[in-house]
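Visitor: let me see the structure of the following:
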Amino acid sequence: MRKSCSLIIKQGRVRLSINTVSAGELEELPGIGPVLAERIVQYRNQRGRFGTLEELQDVEGIGAKLYARICPYIKL
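Guide: Numbering: from 1, shown residues only. I've put the predicted structure just below:
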């Protein structure tokens, strides 16, 4: 039986690459809904790959608190 991505993320065993994942996969992150996931993908499409994880905070709607919440689950 395969575990869902969200269950694996909750257990802290997966880090999603913010440079390659889809909007749907980004929605698995805590606090990221469809609108914010789409903003992340649009930002990446318009400006290119994220150079640092911290650059994610340049996306409208991702402040320091949300960034701290999702940081354990993301990678470049």
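Visitor: chain center to the longest helix seen in the chain, what's the gap?
Guide: For the chain, the helix with the greatest residue count under DSSP state H is helix 34-47. Put simply, helix 34-47 sits 10 Å off its chain's centre (C-alpha atoms, centre = their mean, to the nearest Å).
Visitor: do the same with stretch 55-72
Guide: Per C-alpha atoms, centre = their mean, the centroid offset for stretch 55-72 relative to its chain is 9 Å.
Visitor: before we move on, the earlier item: quick check: buried residues in the longest helix of the chain?
Guide: 36, 37, 39, 40, 41, 43, 44 (16 or more other C-beta atoms under 10 Å). In short, each C-beta sits where N, CA and C put it, glycine included.
Visitor: likewise for stretch 56-69?
Guide: Buried-residue list, stretch 56-69, by 16+ other C-beta under 10 Å: 56, 59, 62, 66, 67.
Visitor: now, these that are in strands?
Guide: If you go by DSSP state E, these have nothing in strands.
Visitor: quick one on the thing from earlier: run through who's touching the longest helix of the chain.
Guide: 18-19, 22-24, 26-27, 32, 50, 56, 58-62 (C-beta atoms under 8 Å, 6 or more residues apart in numbering).
Visitor: I appreciate the help and will end here.
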